[in-house]
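# Turn this into a model:
(chains A and B)
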Amino acid sequence: EAGVAQSPRYKIIEKRQSVAFWCNPISGHATLYWYQQILGQGPKLLIQFQNNGVVDDSQLPKDRFSAERLKGVDSTLKIQPAKLEDSAVYLCASSPAGPMGYEQYFGPGTRLTVT
Amino acid sequence: LAKTTQPISMDSYEGQEVNITCSHNNIATNDYITWYQQFPSQGPRFIIQGYKTKVTNEVASLFIPADRKSSTLSLPRVSLSDTAVYYCLVVPEGGGFKTIFGAGTRLFVKA
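Numbers count the residues shown, from 1 in each chain, chains lettered A, B, ... in the order given. Got it, this is the predicted structure:
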């Protein structure tokens, strides 16, 4: 079974530039998550999708971050404009619907450096 | 959502059993306890999940007392490759939303 795919793996941009990350979840997984993980901290949930609808985006900085999940499959996370404090690893995860939904499968992440 | 508290770090030696305890005093009736493991430069990986008593799989055991206000992840005979960060999470059945990862416990296994 293929895992969660993310691209790019690494990205370096200057502050005020824009950047986009892509995630392809495990086939058939209904729920998709985007996390931000700053060095030395645990992952922080940014947004959670159930199929193609948003169920939680309370911690997403909506003035600069946006995310969409087209047709309930792939997802993109965008930052515009980027700030220095956005330097982090951005993790995508997916989980199946139903009682096994507690088990999240994570991708390798995208390491963003903002200079 | 139940807040979790775990030790920041732990040291161990190869071959020893390691027990990491997590406190979750406000756990709700329909909440489950899950543990994840994260190696450097990788995303977290699900290890084990339980509701009460004891759960064991090929990787670890999870002990949950009757009041469910805490849980203990037990790693038998650790090796150097078990050096990682371990996260305890409390989630509703089926996953729910507002998943909260704390800072986790950094386990360092020495030779």
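# What parts of chain B come near chain A?
For chain B, the residues in contact with chain A (C-beta under 8 Å from any C-beta of the partner chain) are B:32, B:34, B:36, B:41-46, B:49, B:85, B:87, B:91-104. In this view, the C-beta of every residue, glycine as well, is placed from N, C-alpha and C.
# Does B:Lys110 touch B:Gln16 like I think?
No: in this structure, B:Lys110 is not within contact of B:Gln16 by C-beta atoms under 8 Å, at 9.7 Å.
# Among those two, which residue is more densely surrounded?
B:Gln16 (14 against 11; other C-beta atoms under 10 Å in any protein chain shown).
# Leaving out the residues flanking it, which one is nearest to that one?
Counting by C-beta to C-beta, 6 or more residues apart in numbering or on different chains, B:Gln16 lies nearest to B:Val78, which is 6.1 Å off, once chain neighbours are set aside.
# what's the spacing between that neighbour and B:Thr21?
16 Å (C-beta to C-beta, to the nearest Å).
# likewise B:Thr83?
Counting by C-beta to C-beta - B:Thr83 and B:Thr21 are separated by 19 Å.
# B:Ala111 too?
To B:Thr21, B:Ala111 is 25 Å away according to C-beta to C-beta.
# Return the helix or strand in chain A with minimum mean pLDDT.
Scoring the helices and strands of chain A by mean pLDDT, DSSP states H and E places strand A:53-56 at the bottom, with a mean of 90.
# In chain A, what residue spans correspond to strands?
A:5-7, A:10-13, A:19-24, A:31-37, A:44-50, A:53-56, A:65-69, A:75-79, A:88-95, A:105-106, A:110-114 (DSSP state E).
# which one of the ones you listed lies closest to B:Ala60?
strand A:105-106 (17.9 Å; C-beta to C-beta).
# For the residue most central in space within chain A, which non-adjacent residue is spatially closest?
Central residue of chain A (C-alpha atoms, centre = their mean): A:Trp34, 2.8 Å from the mean position. Nearest non-adjacent residue to A:Trp34, counting by C-beta to C-beta, 6+ apart: A:Leu46, 4.6 Å away.
# what do you get for A:Asp57?
Nearest to A:Asp57 is A:Ile47, by C-beta to C-beta, 6+ apart, at 4.4 Å.
# Then B:Val91?
Excluding its sequence neighbours, the residue lying closest to B:Val91 (C-beta to C-beta, 6+ apart) is A:Tyr102, at 4.7 Å.
# And the one you found, how close does it get to B:Tyr32?
For A:Tyr102, the distance to B:Tyr32 - C-beta to C-beta - is 6 Å.
# Name the residues contacting each of the two.
With contacts defined as C-beta atoms under 8 Å, 6 or more residues apart in numbering or on different chains, the residues shared by A:Tyr102 and B:Tyr32 are B:Gln49, B:Val91, B:Pro92, B:Glu93.
# From those residues, pick the one nearest A:Val73.
The closest of the shared contacts of A:Tyr102 and B:Tyr32 to A:Val73 turns out to be B:Val91 (C-beta to C-beta; 23.5 Å).
# in the sheet, who's paired with that closest one?
Per DSSP bridges, the residues bridged to B:Val91 are B:Tyr32.
# Let me see the contact set for A:Gly28.
Contacts of A:Gly28 (C-beta under 8 Å, 6+ apart): A:Pro96.
# Show the pLDDT at it.
A:Gly28 carries a pLDDT value of 90.
# Could I get the phi/psi values of it?
phi 90, psi -10 (degrees, to the nearest 10).
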